[in-house]
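Trainee: here's my sequence, what's the structure:
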Amino acid sequence: MNSCLLEVREEPQTYQTLSRKNFPTVYTFPEHKIQLVNAFEMYQMLGIKMDFIDWFSEQAEEYGFEEEVDFVLMEEGCFVYLSMAMTLCALDKSHVGKQIRLNFLAIDHQRNSGGLLIK
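Mentor: The predicted structure follows:
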């Protein structure tokens, strides 16, 4: 098991949040250089009609997403890495999914270009 994920699980209060109105929050753990999105929050914003657990399980099975690689389960809920969140939004093929994905891409670009300021 990835020790980085264990550390995140042990210290969930160390995250920073990045959010824009009407978009899922991106939780950034600067000490681990990872970004996570609450899967349930994203699911709600996408307006998925089926039950969350059924939807998430179906996506994970169909597209080969793996726990500890693409998503983590914590006491606070199910969190997906930003790359998986972007993929799920693209797979949704909706206008809302496209807008959320573009928001995630902008956050990822800021982080990769060194322009992301975390207070």
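
Trainee: what sits up against stretch 56-69?
Mentor: 1-2, 5, 39, 43, 50, 70-71, 73, 78, 80, 84, 87-88, 91 (CB atoms under 8 Å, 6 or more residues apart in numbering). Heads up, the C-betas are built off the backbone N, CA and C, glycines and all.

Trainee: need the buried ones from these selected in ChimeraX.
Mentor: Selection of the buried residues among the contacts of stretch 56-69 in ChimeraX, burial being defined by 16 or more other CB atoms under 10 Å:
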select :5,39,43,70,71,78,80,84,87,88
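
Trainee: out of the contacts of stretch 56-69, which sit inside strands?
Mentor: If you go by DSSP state E, the contacts of stretch 56-69 have 71, 73, 78, 80 in strands.

Trainee: in stretch 63-82, what counts as buried?
Mentor: In stretch 63-82, counting by 16+ other CB under 10 Å, buried: 65, 70, 71, 72, 78, 79, 80, 81, 82.

Trainee: whoops, I mixed them up, stretch 97-111
Mentor: Applying 16+ other CB under 10 Å to stretch 97-111 flags 97, 100, 101, 103, 104, 107, 108, 111 as buried.
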